[in-house]
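In: quick one, structure for this:
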Amino acid sequence: MAKLEIVKGLGTGSEYEVDQAVILGRLDTNDVPVKDTKASREHAKVYRQGAVFSIVDLNSSNGTFVNGRQVTKQRLETGDEITIGSVTIRFTDPEAEAIKQAALAGRKSLDDDFGGKKKTAGAAAGGGGGAPDVVMTGHQPLQYGRKKRGSPKAGLDFDQISDGARLFIYIALVLVFAGLMYFAYTFVAG
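Out: Next up is the predicted model:
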């Protein structure tokens, strides 16, 4: 089971297990209480989605940092250090590490079986026919979850906008639409 361990700051040595999701923050009622004045009451959330753990900042005042870099949402790997104020918390996931080691051992075994060379699938590897060669590499696990809102292609990611700003944008769009409808009505009627 994954765990969070406070390695620097108040509470050093405290460990917390992460099953599905935990809230980190200044409140004592949080799953992982962070005793620092720069921590928000509910500062960040670490959650599991399939076999992958991620952290998301809950619109904190002072930000959440992973390995020294400020993040709003970040996938977590074993050994990542989360910093909230002056408190540093290390994330470890022995299950993911075991899977990673097994995959590396399997890859090494395949390399040994084939003389340590990168193998290809297709005609060159005896895959038959005129199929194009494909270099086999490690795979990225599939991630399931809700589809993100917004359109990053247009430069707008509504997940990154606060609820108040999102409400303002919706109201502004409704007013613009109402104005256009009024203009169209007066133009046609008049």
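In: for the lengthiest helix in the chain, packing partners?
Out: Using DSSP state H, we find that the single longest helix of the chain is helix 163-189. Other helices and strands packing on helix 163-189, by 3 or more Cβ pairs under 8 Å, 6 or more residues apart in numbering; DSSP states H and E, are absent; none qualifies. Glycine gets a C-beta too; all of them are placed from N, C-alpha and C.
In: shaky segments in this protein?
Out: 104, 106-160, 190 (pLDDT under 70).
In: run through the helices of it in chain order.
Out: Going by DSSP H, the chain shows helices at 94-113, 163-189.
In: ok so, going back, pull out the buried residues from the longest helix of the chain.
Out: Within helix 163-189, no residue counts as buried by 16 or more other Cβ atoms under 10 Å.
In: before we move on, the earlier item: make TSV from the helices of the chain and add distance to Leu4 to it.
Out: Output for these, formatted as TSV (distance: least, Cβ to Cβ, whole Å):
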stretch	distance to Leu4
helix 94-113	13
helix 163-189	27
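In: of the ones you listed, which is nearest Glu5?
Out: Evaluated over the helices of the chain, closeness to Glu5 peaks at helix 94-113, with 12.4 Å, by Cβ to Cβ.
In: the nearest residue to Gly11 once chain neighbours are set aside - how many residues pack around it?
Out: What sits nearest to Gly11 in space, not counting adjacent residues and going by Cβ to Cβ, 6 or more residues apart in numbering, is Lys35, at 5.7 Å. The local packing of Lys35 (other Cβ atoms under 10 Å) involves 15 other residues.
In: what of the one 5 residues further on?
Out: Ser40 has 22 neighbouring residues, counting by other Cβ under 10 Å.
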